[in-house]
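A.B. asks: Sequence plus the predicted model coming up.
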Amino acid sequence: MSESFDRPTRHPGAALHEPTLDTWQDPEHNQWAFAHLTEVVPTATISRVPPVHAVTSRLGGLDRRITDLRAQLEATHTDAFLVLRGNSVIAEYARAGFSTDSPHLLMSVSKSLCSTVAGALIDAHLLDPAAPITRYVPALKDSVYDGPTVQQLLDMEISVNYSEKYTDPASEVQTHDRAAGWRTRHDGDPATNAEFLTTLRGRGAVGEFQYCSAHTDVLAWIIEHVSGLRYPEALSTYVWSKLDADHDASITVDATGFGYANAGVSCTARDLARVGRMILDGGMAPGGRVVSTGWVDALFRGGSRAAMTYDGWLTAFATGSYTRHWWCTGNARGNISAIGIHGQHLWLDPPTDTVIVKLSSWPQPDEASDHAAQTRLLLAVCAALDTA
Ligand SMILES: NCCCCCC(=O)NCCCCCC(=O)O
């Protein structure tokens, strides 16, 4: 079934599932595979710098304004923390053995990168947000995605039978992980991420927010269709190559090489801060425009308040919303954030022109108390910057 899916193959002439672990050294694949081995065989990085054994803590006076800042960073399992005001890094912290220049998994912060690619394609009139999803991905006919629009996908306003209970083995989010190569497959599981997406059912567009990781992978599938590029190449072409990043980012892939767009990107805190800088700069990056000011303005305007009924967000931000794969606080500061489970944040503070990156490893993925402690800390940093 998955052979008929409309997705770019790994290299011209390859079948969708090729090369595999057993065929990558064969003549028809070795040129591609020798240059893409991380997509086929688990790979460790040999860092150009030796491990940092001490904690990095350059808090630039924020520690005088925020009681126990360092203790709070430790208590919230921070791996890397970086505050970029304008173009100056004014504070940096990293746990022992890590640095703000080390790659870290972004979890759902990856979603906001994917929507940025979609934004660039919309700006280029290659993608119509008002169009039905199935205009771009006919393979999703008869699924929950048969009917809703690209905009509803971006705003997560689709009612779908998909449980995001990260620790529940019976949840769809875990089946999704298994299809995407993040967990060991069970008998009967879909063979690939794309095949899993076609199995999703539900009521469809009902004008209410429901967070669903699968939507981002549908968006990545649309991006592949519209751009003709594999998703990692599209993310490079439309975003990463323009940031003046210090490092390549990476993304996990499934058996067909489809990037796990909803959660699988890793990059450094410093490079992630460059994404935030680009958004605060109205969509402009050192290497050129990434998205239009119109796209960025829509993020800061926020999404539909009527659609936002999710208590987990409204408890923190009573006038909060979600749009274009960004969480919008609706607070007086106009903060918006890209958020990932286990404590990943790319937080933007327009009044002080500041980007805050916090990459963490909370022991639990999604506890309300962990979200609350992290949000308090981010707001405290913003308040401290007002008087800095
Ligand atoms: N199975 C792959 C991992 C999916 C990653 C999901 C994720 O990171 N979700 C972020 C949820 C943010 C919730 C924000 C809040 O409740 O305040």
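C.D. replies: Good, I have the coordinates.

A.B. asks: in the protein, which ranges drop under the pLDDT threshold?
C.D. replies: Along the chain, segments meeting pLDDT under 70 span 1-5.

A.B. asks: My understanding was that residue 101 contacts residue 273; is that so?
C.D. replies: No. Residue 101 is beyond contact range of residue 273, at 11.3 Å (criterion: Cβ atoms under 8 Å). Glycine gets a C-beta too; all of them are placed from N, C-alpha and C.

A.B. asks: more crowded one of the two?
C.D. replies: Under the criterion of other Cβ atoms under 10 Å, the comparison of residue 101 against residue 273 puts residue 273 first, with 22 against 19.

A.B. asks: Could you check how far that one is from the ligand?
C.D. replies: 19 Å (Cβ to the nearest ligand atom, to the nearest Å).

A.B. asks: Would you confirm that that residue contacts residue 85?
C.D. replies: No. The pair residue 273 and residue 85 does not pass the contact test of Cβ under 8 Å, sitting 10.4 Å apart.

A.B. asks: residues from the stretch 201-350 of the chain in reach of the ligand?
C.D. replies: Of all the residues in the stretch 201-350 of the chain, those in contact range of the ligand (Cβ under 6 Å from any ligand atom) are 213, 262, 263, 312, 313, 339, 340, 341.

A.B. asks: does residue 200 really touch residue 162, like I thought?
C.D. replies: Yes. Using Cβ under 8 Å, residue 200 makes contact with residue 162 at a distance of 6.2 Å.

A.B. asks: any shared contact partners between these two?
C.D. replies: Common neighbours of residue 200 and residue 162, counting by Cβ atoms under 8 Å, 6 or more residues apart in numbering, are 172, 214.

A.B. asks: quick one, phi psi at residue 366?
C.D. replies: phi -150, psi 40 (degrees, to the nearest 10).

A.B. asks: Could you tell me how many residues sit around residue 361?
C.D. replies: For residue 361, using other Cβ under 10 Å, the count is 15.

A.B. asks: again, but for the one 4 residues further on
C.D. replies: Applying other Cβ under 10 Å, we find 16 residues neighbouring residue 365.

A.B. asks: In the chain, what residue lies closest to the ligand?
C.D. replies: residue 108 (2.9 Å; Cβ to the nearest ligand atom).

A.B. asks: Spit out the contact partners of that residue.
C.D. replies: So residue 108 contacts 213, 216, 262, 263, 338, 339, 340, 341, 344 (Cβ under 8 Å, 6+ apart).

A.B. asks: same deal with residue 30?
C.D. replies: Residues near residue 30 by Cβ under 8 Å, 6+ apart: residue 24.

A.B. asks: residues contacting the residue positioned nearest the centre of the chain?
C.D. replies: With distances taken as Cα atoms, centre = their mean, the residue of the chain nearest its centroid is residue 110 (1.1 Å). By Cβ under 8 Å, 6+ apart, the contact list for residue 110 reads 216, 251, 260, 261, 262, 263, 264, 265, 340.

A.B. asks: Give me every residue in the stretch 1-150 of the chain lying close to the ligand.
C.D. replies: Selection of the stretch 1-150 of the chain residues close to the ligand by Cβ under 6 Å from any ligand atom yields 107, 108.

A.B. asks: Burial check on the residue lying closest to residue 172 once chain neighbours are set aside, number of neighbours?
C.D. replies: Excluding the flanking residues, the one nearest residue 172 by Cβ to Cβ, 6 or more residues apart in numbering is residue 162, at 4.2 Å. Residues lying near residue 162 (other Cβ under 10 Å) number 21.
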